[in-house]
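1. sequence unknown, structure follows:
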């Protein structure tokens with residue numbers, strides 16, 4: 001069958017890309033999975049893992065994105081989604097609807113998640129606090 005898409009085939013092995021700093025949050029490390037390049041910026045997929053103990057968390061924000069899911073691979077993270085505290089553990093999948101106000105405020109030292117977002121160059125926008133946020137767990 002003839003491929004009529006404008007995306008490229010991509011196969012990234014664990015040794016092909018490294019975890020690096022310089023992503024959206026300085027307390028996380030990010031591993032690019034080659035999807036943004038393969039889709040010409042339509043979608044990004046990266047692995048995100050804890051790099052430092054939680055102190056202030058992400059702060060209240062929302063994303064300007066059409067689609068976003070988080071798949072927890074290892075450990076756990078606690079989020080506020082609007083005014084609801086949500087524990088996301090290994091194996092859980094979260095669809096973050098466009099524009100939902102949220103705050104990642106606590107996570108385990110071994111936390112690692114796969115994040116898939118469209119478009120690849122999505123924006124993160126700070127928002128006013130929705131409610132009080134519980135303190136993080138000390139490592």
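-> Structure received. Model, not experiment: these values are computed from the prediction. Numbering: from 1, shown residues only.
2. Ramachandran angles for the residue lying closest to residue 12 once chain neighbours are set aside?
-> Computed as CB to CB, 6 or more residues apart in numbering, the closest residue to residue 12 that is not its neighbour in sequence is residue 34, at 4.3 Å. All C-beta atoms are positioned from the backbone trio N, CA, C, and that covers glycine. Main-chain dihedrals, residue 34, degrees, to the nearest 10: phi 80, psi 0.
3. State the distance from residue 34 to residue 40.
-> Distance from residue 34 to residue 40, counting by CB to CB, to the nearest Å: 12 Å.
4. now swap in residue 14 and tell me
-> Distance from residue 14 to residue 40, counting by CB to CB: 24 Å.
5. more neighbours, those two?
-> It is residue 40, of residue 14 and residue 40, that has more neighbours when counted by other CB atoms under 10 Å, with 12 against 8.
6. residues contacting that one?
-> Contact analysis of residue 40 by CB atoms under 8 Å, 6 or more residues apart in numbering lists 6-7.
7. confidence score at it?
-> Looking at residue 40, its pLDDT is 95.
8. same question, residue 44
-> Among the per-residue scores, residue 44 holds a pLDDT of 97.
9. One more: residue 6?
-> 84.
10. That one: what's it in contact with?
-> Residue 6 makes contacts with residue 40, as judged by CB under 8 Å, 6+ apart.
11. Any stretches of this protein with poor pLDDT?
-> 1-4 (pLDDT under 70).
12. Tell me where it has helices.
-> Here the chain has its helices, by DSSP state H, at 35-38.
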